[in-house]
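Visitor: Sequence below, structure please.
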Amino acid sequence: MSTPAPRSHRRPRGPAHRPAVPREPIDWAKVGRGAVRRRARGMSHAEAAAALEEAELQQHMVRDHEDLAGDERGPAEVAEWARIVQLLADVGGVYDPDADAVVQDELAVDAARERERQLDDEKRRQEEEAGAARRAALAPDVLRHALLRTLARTGLLDGLSEDERAAVDRLPDSDPAAALAVNALLVRAHEAGSGLRPGAAS
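Guide: Numbering: from 1, shown residues only. Alright, predicted model coming up:
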């Protein structure tokens, strides 16, 4: 098998637009290790050793380039080639990332981290939905309708004075939380006076 072609150090350009959701920074060392593992699949010890020599030479050639100062991918690739070479020297055969305990452990950690991220996203979504529901419940028109319906249920609506009706109409706009509390108190008072269980229909 021929020696792998030198890796390009030009990093791919990101999308022109900014993502709506902040993303984690790219782990270039992890990208490098993944690239090495894909290229090493099926290699013998001799082939992997040749690839290691090529990677070390390439790393030496670009070491003084200012635009690659602080580059994490190159050193990570060299280290991963060295690890694979040592692994093949110990176990023989050809390299298979599916049988590499280090790779499988990393995949398990990534899977656990992804599950945790999904749970966090789901929790955040539920909190946003609950917040939207609370805001909707505190919308003045919704509260006004709830108050009028409760007053009608209790038989108080027809007996309200003009000023009292005006106050009921203003309360959801001026103090939505107070309107919600007043509505809940009216419901509880009506249920208590009617001998109903809380939440039961009149």
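
Visitor: Which elements pack onto the helix or strand that contains residue 144?
Guide: Using DSSP states H and E, residue 144 sits in helix 140-154. Contacts defined by 3 or more C-beta pairs under 8 Å, 6 or more residues apart in numbering; DSSP states H and E place helix 140-154 against helix 162-174, helix 176-194. C-betas here are computed from N, CA, C, even on glycine.

Visitor: which residue ranges form the helices in this structure?
Guide: For the chain, helices defined by DSSP state H occupy the ranges 28-40, 45-62, 73-91, 101-137, 140-154, 162-174, 176-194.

Visitor: which stretch in the helices and strands packed on helix 140-154 has the least confidence?
Guide: Per-stretch mean pLDDT for the helices and strands packed on helix 140-154 is lowest at helix 176-194 (a mean of 84).

Visitor: okay, now residue 114: neighbour count?
Guide: Neighbourhood size, residue 114 [other C-beta atoms under 10 Å]: 10.

Visitor: Residue 42 and residue 95 touch, don't they?
Guide: Yes: the criterion here is C-beta atoms under 8 Å, and residue 42 meets it with residue 95 at 6.8 Å.

Visitor: higher neighbour count, the two?
Guide: With neighbours defined as other C-beta under 10 Å, residue 42 and residue 95 compare such that residue 95 has more, 22 against 10.

Visitor: Chain neighbours aside, what residue packs nearest to the more buried one?
Guide: Counting by C-beta to C-beta, 6 or more residues apart in numbering, residue 95 lies nearest to residue 40, which is 4.6 Å off, once chain neighbours are set aside.

Visitor: likewise residue 56?
Guide: The nearest residue in space to residue 56 (C-beta to C-beta, 6+ apart) is residue 78, at 5.6 Å.

Visitor: so the one you found touches residue 62, yeah?
Guide: No: with contact defined as C-beta under 8 Å, residue 78 does not reach residue 62; the gap is 11.4 Å.

Visitor: the more surrounded of those two?
Guide: Neighbour totals were compared for residue 78 and residue 62, and residue 78 leads with 20 against 15 (other C-beta under 10 Å).

Visitor: Not counting the helix holding residue 144 itself, show me its contacts.
Guide: Contact with helix 140-154 is made by 136-137, 157, 160, 168-169, 171-173, 176, 179-180, 182-183, 186-187, 189-190, 202, as judged by C-beta atoms under 8 Å, 6 or more residues apart in numbering.

Visitor: Output the lowest mean pLDDT helix or strand found in this protein.
Guide: Within the chain, no helix or strand scores below helix 176-194, which has a mean of 84 by mean pLDDT, DSSP states H and E.
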